[in-house]
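Trainee: curious how this folds, go ahead:
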Amino acid sequence: MKKHNFNAGPSILPQVAIENTAKAVLDLNGIGMSILEISHRSKDFQAVIDEATALFKELLNIPEGYQVLFLGGGASLQFCMVPFNLMSKKAAYLETGVWAKKAIKEAKLFGEVNVVASSADKNFTYIPKGYTVPADADYFHITTNNTIYGTEIRTDLDCNVPLIADMSSDILSRPVNVSKYAMIYGGAQKNLGPAGVTFVIVREDILGKVERAIPTMLDYRTHIKEGSMFNTPPCLPIFTVKETLKWIKSIGGVAAIEKMNIEKANILYNAIDNSKMFVGTAEKDSRSLMNICFVMKEQYKDREDAFMEFAKSRGMVGIKGHRSVGGFRASTYNALPKESVEALVACMHDFEKENA
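Mentor: Numbering: from 1, shown residues only. Here you go, the predicted structure:
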């Protein structure tokens, strides 16, 4: 039976990236050694990280003055590295879900945190609007896509202070005007590669302004100076990131990916909106293209488990909603084919015919 992978992360990757990674595990480019056993200081791995960096810059049209880093620790480590490096006195944050809350918690260790707006009042089912960012904030932090609640900021905000964005789950899903951001970061394991590597795109001129001492490993300048190789980087995940970036380029780049993502999301949202049994949980003007969350309507709540089993029998993987919200979640990341979305919709229609 064909499997349709809707996992929220780690998640589906392009098949060609998986195949090429598997080959590299056995023998990297015919050198007679595995990517797992070569030195990160070797010319063979240097070529890997150089290509990954160049592809990132090309696909996102990253301007001069920015550096691309490949680090460890996931986005969760960035929650403290950002304020450690950038907060002198005060920072502004937009609270749109669990990951934003975690970032806010870490930032409070370093200074005053101004939460300019929050959607907690409606269980994070919308993106706040109409807030004001204090002009004296050292930076403004946003989480562009909220995997648990299915909301997304799909435009590049204009901001009066340096804008920092956690794009863990929607990086490269749409064109981004990088020049509007002082920094973009994220874990790779949702749209870019396997777990174990974190990307950082940082404008160099924002660094070196805080007075506190920063531990060597937590200082972005360390990693810029050493080309992401101050210590041994996650070599295998970086290789897969490179292969994923090559795949994105081969199918037309980020603009082409966005078109595909909009088409996939429209198929599923239309099915949800026209369903007798299912209903979406995110407000329509805040809906994510990456994580589509829905539940059974109240009169059918007792059939959620039955639908889950039915969906599994049809090859659907990873559609159970996050444990904190329940229901269902279909993660429609870049590598998910349209056919999988169509298969899920057919599954929903067939269950509805038998049970509504």
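Trainee: mind listing the strands for the stretch 1-150 of the chain?
Mentor: Residue ranges of the strands in the stretch 1-150 of the chain, as given by DSSP state E, counting those that start in this stretch, are 4-5, 66-71, 90-95, 112-118, 140-143, 145-146.
Trainee: output those as TSV; include the columns mean pLDDT, distance to residue 278 and mean neighbour count.
Mentor: C-beta coordinates here come from the backbone N, C-alpha and C atoms, glycine included. TSV is the format used below for those (pLDDT from 0 to 100; distance: least, Cβ to Cβ, whole Å; neighbours: other Cβ atoms under 10 Å):
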stretch	mean pLDDT	distance to residue 278	mean neighbour count
strand 4-5	98	17	21
strand 66-71	98	39	21
strand 90-95	98	28	24
strand 112-118	98	27	17
strand 140-143	98	26	25
strand 145-146	98	20	28
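Trainee: of all those, which one comes closest to residue 79?
Mentor: strand 140-143 (9.1 Å; Cβ to Cβ).
Trainee: which other residues reach that closest one?
Mentor: Strand 140-143 has contacts (Cβ atoms under 8 Å, 6 or more residues apart in numbering) with 82, 91-94, 96-97, 99-100, 103, 107, 116, 133, 153, 157, 159, 161-166.
Trainee: ChimeraX command for the buried members of those residues?
Mentor: To isolate the buried ones among those in ChimeraX, judged by 16 or more other Cβ atoms under 10 Å, type:
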select :82,91,92,93,94,96,97,99,100,103,107,116,133,153,159,161,162,163,164,165,166
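Trainee: redo the strands of the stretch 1-150 of the chain as TSV? Include distance to residue 353.
Mentor: Listed next are those as TSV, based on distance: least, Cβ to Cβ, whole Å:
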stretch	distance to residue 353
strand 4-5	20
strand 66-71	48
strand 90-95	41
strand 112-118	41
strand 140-143	38
strand 145-146	32
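Trainee: which one of those strands lies closest to residue 344?
Mentor: Here strand 4-5 is closest among the strands of the stretch 1-150 of the chain (Cβ to Cβ), at 6.4 Å.
Trainee: Provide the contact partners of the closest one at residue level.
Mentor: 11-12, 315-318, 336, 340, 343-344.
Trainee: which one of these is nearest to residue 294?
Mentor: residue 344 (10.6 Å).
Trainee: quick one: which of the strands of the stretch 1-150 of the chain is nearest residue 32?
Mentor: strand 66-71 (25.2 Å).
Trainee: quick check: bridge partners of residue 316?
Mentor: Residue 316 has these beta-bridge partners by DSSP bridges: residue 4.
Trainee: count of residues packed around it?
Mentor: 23 (other Cβ atoms under 10 Å).
Trainee: one more: residue 60?
Mentor: 21.
Trainee: how much space between it and residue 201?
Mentor: 7 Å (Cβ to Cβ, to the nearest Å).
Trainee: overlap of the contact sets of those two?
Mentor: In contact with both residue 60 and residue 201: residue 178, using Cβ under 8 Å, 6+ apart.
Trainee: what sits against residue 129?
Mentor: Here residue 129 is in contact with residue 117 (criterion: Cβ under 8 Å, 6+ apart).
Trainee: if I look at it, how far off is residue 116?
Mentor: Using Cβ to Cβ, residue 129 is found at 11 Å from residue 116.
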